[in-house]
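In: Give me coordinates for this.
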Amino acid sequence: MDHMTLAVIVFLIVLALAFDFINGFHDAANSIATVVSTGVLKPQLAVFFAAAFNFLAYFLFPLKVAATIGKGTIDPAIIDHYVIFGALAGAIAWNIITWYFGLPSSSSHALIGGLVGAGICKGGVASLIWPGLLKTIAFIVVSPVLGFVLGSALMLGVSWLFFRVSPRRVDKIFRRLQLFSASLYSLGHGGNDAQKTAGIIWMLLIATTATNPAILPHWMHAHADHLPGWIVAACYVTIAAGTMFGGWRIVKTMGQKITKLKPVGGFCAEVGGAATLFLASGFGIPVSTTHTITGAIMGVGATRRFSAVRWGVAGSIVWAWCLTIPASALIAAAAWALGRTLL
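Out: Got it, this is the predicted structure:
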């Protein structure tokens, strides 16, 4: 890691936290779209609510997702500041592009794509750790399908349980319950997504500690079995701050363009999505919160009637999903080359 200085390390940590902030900003819609679109919470209150539960996830989830990103995506032996810069630049650029066009793409897969693009530039295809990557790629399909199945199953179950209750009474009950379901989903979002940034900082500090420890103060040293607590805390605080700013362009797409939601539908979508995220985080799989909640919303809409889902809007979202990893990988490759000149 020649030419590495403490200033470069600090710059890359700040860049990683910038990605974390944009992740929260970009993915705020995942946590609040249903609760805002059903009118249960006003937008400003919703983002503070979601941000609080994003941070509370810090105390609940083990660091399995961070370990997958930090040690299970590309060969740690090829990690240097150029690879980290390329990966982060590719992920940030793709997030900004998709936010601008209001497309709910995956920050998680943008980061994975960035690592793949920069990693291949440095070490070739052989540098990729396929078990970790294939697990992540598989969940591009699994997480929305599981969200769809759970969302639709919950909606059918609730419809059966409450079929004798008046629509007004059902609406009143689920307006309250949606606060609970939104908190669960925000916990799942924070628990999975904040750890991805922690993982990439961990990756950087492991490589620096192994090759050039003298440039780091002791409290920044990291090893394969030791992730400093300050990294994790900083990532959770930053993603919560990003969530508070909210990605309003995407809220509209998620909340009403896919299908019209009532509080009961919002509750079922959020619980189905939260269950998927809790399961993935338990297995250390970095999944897309965007894919998960989109699948759950589609599942809820499809239980009413197939045409209740605007499949054309859903199709454009799927295209954004398919493009995320290759597009962010290409941008990361260009950024890696640029970083070789600048850093």
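In: now the one helix or strand residue 122 maps to, how far from the centre of its chain.
Out: Assessed by DSSP states H and E, residue 122 sits inside helix 107-123. From the chain centre to the centre of helix 107-123 is a distance of 15 Å (Cα atoms, centre = their mean, to the nearest Å).
In: Toward the C-terminus from it, list the very next helix or strand.
Out: helix 130-161.
In: Okay, buried residues for that next one please.
Out: Applying a neighbour-count criterion of 16 or more other Cβ atoms under 10 Å, one finds 132-133, 135-136, 139-140, 142-148, 150-152, 154-155, 158 buried in helix 130-161. Backbone N, C-alpha and C define where each C-beta goes, glycine included.
In: just stretch 76-91 next, same as before
Out: Quick answer for stretch 76-91 (16+ other Cβ under 10 Å): 76, 78-91.
In: Show me the two of these that sit farthest apart.
Out: Using Cβ to Cβ, these span at most 20.1 Å, a distance reached by 76 and 89.
In: Look up phi and psi at residue 63.
Out: Phi and psi for residue 63, reported as degrees, to the nearest 10, are phi -90, psi 40.
In: Ignore what I typed, I meant residue 74.
Out: Torsion angles, degrees, to the nearest 10, at residue 74: phi -130, psi 160.
In: The longest helix along the chain: what's the following helix or strand?
Out: As assigned by DSSP state H, the longest helix anywhere in the chain is helix 167-211. Next along the chain after helix 167-211, taking DSSP H and E as the criterion, comes helix 229-245.
In: now what about that following helix, what contacts it?
Out: Outside helix 229-245, the residues that touch it by Cβ atoms under 8 Å, 6 or more residues apart in numbering are 17, 20-28, 31, 47-48, 50-52, 54-55, 57-58, 63, 66, 186, 190, 193-195, 197-198, 201-202, 205, 219, 222.
In: Relative to the whole chain's centre, how far out is it?
Out: 13 Å.
In: now that helix against helix 167-211, angle please.
Out: Here helix 229-245 runs at an angle of 140 degrees relative to helix 167-211 (axes from the mean of the first three to the mean of the last three Cα atoms, to 10 degrees).
In: can you pull the buried residues of helix 229-245?
Out: For helix 229-245, by 16+ other Cβ under 10 Å, it's 231-232, 234-244.
In: Could you do stretch 14-23 as well?
Out: Buried-residue list, stretch 14-23, by 16+ other Cβ under 10 Å: 15, 16, 17, 19, 20, 21, 22, 23.
In: Could you grab the helix/strand/coil label for the fifth one?
Out: The one in question is residue 20. helix (DSSP: H, G, I helix; E, B strand; the rest coil).
In: got the contact list for it?
Out: 194, 197, 235, 238, 239, 242.
In: Kindly recompute the last result at 10 Å.
Out: With contacts defined as Cβ atoms under 10 Å, 6 or more residues apart in numbering, residue 20 is in contact with 88, 107, 111, 193-194, 196-198, 200-201, 234-242.
In: Model confidence score at it, please.
Out: Listed pLDDT for residue 20 reads 93.
In: tell me which element the closest residue to residue 202 other than its chain neighbours falls in.
Out: Distances taken as Cβ to Cβ, 6 or more residues apart in numbering put residue 70 closest to residue 202, at 4.0 Å, once the chain neighbours are dropped. Using DSSP H and E, residue 70 falls within helix 64-71.
In: Measure how that helix sits relative to helix 107-123, angle-wise.
Out: 20 degrees.
In: for the helix or strand just after helix 64-71, packing partners?
Out: The helix or strand immediately downstream of helix 64-71 is helix 81-100, counting by DSSP H and E. Here helix 81-100 touches helix 6-37, helix 107-123, helix 167-211, helix 248-252, helix 311-342, going by 3 or more Cβ pairs under 10 Å, 6 or more residues apart in numbering; DSSP states H and E.
In: ok, of those, where does mean pLDDT dip lowest?
Out: helix 248-252 (a mean of 53).
In: Return the set of buried residues in the helix or strand following that one.
Out: The C-terminal neighbour of helix 248-252 among helices and strands, as given by DSSP H and E, is helix 263-282. The neighbour-count check on helix 263-282 (16+ other Cβ under 10 Å) flags 263-281 as buried.
In: Show the subsequent helix or strand relative to helix 263-282.
Out: Helix 263-282 is succeeded, C-terminally, by helix 289-304 (DSSP H and E).
In: Who are the packing partners of that following helix?
Out: For helix 289-304, the packing partners by 3+ Cβ pairs under 10 Å, 6+ apart are helix 6-37, helix 107-123, helix 130-161, helix 167-211, helix 263-282, helix 311-342.
In: Out of the ones you listed, which is closest to residue 303?
Out: Of the helices and strands packed on helix 289-304, nearest to residue 303 by Cβ to Cβ is helix 130-161, at 4.4 Å.
In: from the middle of its chain, how far away would the closest one be?
Out: Using Cα atoms, centre = their mean, the offset of helix 130-161 from its chain centre is 15 Å.
In: got it, and stretch 75-83?
Out: 23 Å.
In: returning to that earlier point: relative orientation of the helix holding residue 70 and helix 263-282 in degrees?
Out: Using the same axes, to 10 degrees: helix 64-71 against helix 263-282 is 50 degrees.
In: Check which residues of helix 64-71 are buried.
Out: For helix 64-71, burial by neighbour count (16+ other Cβ under 10 Å) applies to 64, 65, 66, 67, 68, 69, 70, 71.
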